[in-house]
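Participant: I need the structure of the sequence given here:
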Amino acid sequence: MGGDSTRGSGRVAGQFARYVSQNILGMLGVSCYIIVDTFFISLAAGTDGITVLNLALPVFSVIFALGSMIGVGSATRFALLRAGGDRQAEEYFSNALLWVVLLGALFLAAGILIPDRIIALLGGDDQIVALGVPYNRIFLLFAPFFMANYVVSAFVRNDNAPTLAMVGTMAGSLCNIFFDYLFMFRLGMGLAGAALATAVSPVVSILVCGTHFFRPENTVRFVKRKPSLRLLLSSAQLGIYALIGELSSGVTITVFNFLILGLAGNVGVAAYGVVANFAMITTAIFNGISQGAQPLVSRCYGSGDQEATGRLLRLGIGTSLGIAILSCAAAYAFTGPLVELFNSEHSAEMSRYAYTGMRLYFPGFLFAGVNVFGSGFLSASARPRAAFAISLLRGVAAIILCSLVLAYFFGFTGVWLSFGTAEFLTAIVTVCALWGRGRPGGRPAKRACAGKGL
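Facilitator: Numbering: from 1, shown residues only. Here you go, the predicted model:
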């Protein structure tokens, strides 16, 4: 029995390494193209260009959040039901696609009708609005593709094809970098070119991942049916942590933007844009760990293997903490060069703000990694209420309260410190939720996942 347990444990660790590493690579690809996008925009439009990008990010966060909630939630429900032998699992893919098309059409309409009003509402002055309208309009027009990409990649990953999901994401990211250069500099399209290059990315990713549905090993089927609100809500229960996780960046950026505009103006917002872009890389890695482990956690929990589920929890927390330590070390070791990478105008004021921000902001990731993986693990193991509570606390309540209070007492320094403070408070709740019931999963083991292909 001891030998079987060891082989099962090793098998779980091996599958965890495979799924998570490939998903991290895909997420890093997305982060890299965002960084390159920001770099090209800084060259083409200076600090005003970065300000446009940062003011538009909350809108993008809403699009990504809805796509992530429907995609991850539907795919998680699909994995749980399929592990239990429920035939209704087949209906979740088609329902998810239909809903992202419907919701994406609303953003498309906003891109046609009111792109200028959106930027103004988020704090842009007349100059920033005029510069940002083409960028915002093009991005919104492609919202259905951004949302559909979350659905397709999540189902491909849950259908035992994490490598293809990673390749699709990387292909989209590399195309974005190429078209950034082509559209912005060779064709002189400026910010409109940056938006168009970004819009190409999900289209390429969908085309690559879509090849899975024509392969013999594919088990995901498109079922002809009307959009079901009942199935959407069932998916949303398990995907709500992903929605809040994506929205949290938008909430943080929006709150920080308004506070910083009052404290330091457009230069301060540009400095925060630099910090936010590097922070996005670390957050993407955490999301890669969480979403990469999700198919394994759902499969093990759905089949009742408590031992493997607990093993995945320990692997996920340990990996997240390791990444957090490395990220903090890199941020401290290379603060100057990282800041100057986006300071094409050589603004001493912007450099000073961003340098301080990097060093005060990044320690918060020591707690953020536990929160991101913890909420994902709870959702994947059918505990959506706890996952939702943690995500809401981390992404909305704690960050808003901490930023307002600390900014009042410590000014700009308080804004930087509020991220780490909010993550620390949330981590206390996360640890209690994960271990408060005495054991991960809360269910007795029925049969081992190692015997089901894990």
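Participant: use CA for all of it now, contacts and neighbours both
Facilitator: Will do.
Participant: Would you tell me which helix is longest in this structure?
Facilitator: helix 2-83 (DSSP state H).
Participant: downstream neighbour of it in the secondary structure list?
Facilitator: Counting by DSSP states H and E, the element after helix 2-83 in chain order, helix or strand, is helix 91-113.
Participant: residues making contact with that next one?
Facilitator: Here helix 91-113 makes contact (CA atoms under 8 Å, 6 or more residues apart in numbering) with 63, 66-67, 70-71, 74-75, 77-78, 136-145, 147-148, 151, 155, 220-228, 231-232, 235.
Participant: Mark which of these are part of helices, please.
Facilitator: Those of the contacts of helix 91-113 lying in helices (DSSP H): 63, 66-67, 70-71, 74-75, 77-78, 136-141, 143-145, 147-148, 151, 155, 231-232, 235.
Participant: among those, which ones are buried?
Facilitator: Buried subset of those (neighbour count, 16 or more other CA atoms under 10 Å): 63, 66-67, 70-71, 74-75, 77-78, 136-141, 143-145, 147-148, 151, 155, 231-232, 235.
Participant: to the chain's geometric centre, what's the distance from the worst-scoring helix or strand of the chain on mean pLDDT?
Facilitator: Lowest by mean pLDDT, DSSP states H and E among the helices and strands of the chain is helix 2-83, with a mean of 78. Helix 2-83 has its C-alpha centroid displaced from the chain centroid by 5 Å (CA atoms, centre = their mean, to the nearest Å).
Participant: What angle do helix 91-113 and it make with each other?
Facilitator: Per axes from the mean of the first three to the mean of the last three CA atoms, to 10 degrees, the angle that helix 2-83 makes with helix 91-113 is 60 degrees.
Participant: Helix 2-83 packs against which elements?
Facilitator: If you count contacts as 3 or more CA pairs under 8 Å, 6 or more residues apart in numbering; DSSP states H and E, helix 2-83 packs onto helix 91-113, helix 126-141, helix 143-158, helix 162-181, helix 190-210, helix 229-303, helix 306-333.
Participant: Might you report the residue contacts of V415?
Facilitator: 256, 259-260, 403-404, 406-407.
Participant: Now render these as a markdown table, adding neighbour count, pLDDT and distance to I118.
Facilitator: Output for the contacts of V415, formatted as a markdown table (neighbours: other CA atoms under 10 Å; pLDDT from 0 to 100; distance: CA to CA, whole Å):
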| residue | neighbour count | pLDDT | distance to I118 |
| --- | --- | --- | --- |
| F256 | 24 | 87 | 17 |
| L259 | 21 | 91 | 18 |
| I260 | 22 | 89 | 19 |
| S403 | 24 | 94 | 23 |
| L404 | 17 | 94 | 23 |
| L406 | 18 | 95 | 28 |
| A407 | 21 | 93 | 26 |
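Participant: tell me the two of the residues you listed that are most distant?
Facilitator: The span of the contacts of V415, defined through CA to CA, is set by I260 and L406 at 12.6 Å.
Participant: between the one helix or strand S375 maps to and helix 306-333, how many degrees?
Facilitator: According to DSSP H and E, S375 maps onto helix 365-380. Counting by the same axes, to 10 degrees, helix 365-380 lies at 150 degrees to helix 306-333.
Participant: can you state the direction angle for helix 365-380 and helix 229-303?
Facilitator: 100 degrees.
Participant: Please name every helix or strand in contact with the helix or strand that comes right after helix 365-380.
Facilitator: Counting by DSSP H and E, the next helix or strand C-terminal to helix 365-380 is helix 384-392. In terms of contacts (3+ CA pairs under 8 Å, 6+ apart), helix 384-392 is packed against helix 229-303, helix 365-380, helix 412-435.
Participant: quick check, distance from the second one to the centre of its chain.
Facilitator: Between the mean C-alpha location of helix 365-380 and the chain-wide mean there is a distance of 12 Å, by CA atoms, centre = their mean.
Participant: Using PDB, list the CA coordinates for that helix.
Facilitator: C-alpha atoms of helix 365-380 as PDB (Å, rounded to 0.1, in the frame of the first residue of the first chain):
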ATOM      1  CA  PHE A 365       2.900  39.400  -3.500                       C
ATOM      2  CA  LEU A 366       4.200  37.300  -0.700                       C
ATOM      3  CA  PHE A 367       0.600  37.200   0.400                       C
ATOM      4  CA  ALA A 368      -1.100  37.600  -3.000                       C
ATOM      5  CA  GLY A 369       0.200  34.200  -4.200                       C
ATOM      6  CA  VAL A 370      -1.500  32.400  -1.300                       C
ATOM      7  CA  ASN A 371      -4.800  34.300  -2.000                       C
ATOM      8  CA  VAL A 372      -4.900  33.700  -5.700                       C
ATOM      9  CA  PHE A 373      -4.200  30.000  -5.500                       C
ATOM     10  CA  GLY A 374      -6.300  29.600  -2.400                       C
ATOM     11  CA  SER A 375      -9.400  31.000  -4.000                       C
ATOM     12  CA  GLY A 376      -8.800  29.000  -7.200                       C
ATOM     13  CA  PHE A 377      -8.400  25.800  -5.200                       C
ATOM     14  CA  LEU A 378     -11.600  26.400  -3.200                       C
ATOM     15  CA  SER A 379     -13.600  26.900  -6.400                       C
ATOM     16  CA  ALA A 380     -12.100  23.900  -8.100                       C
END
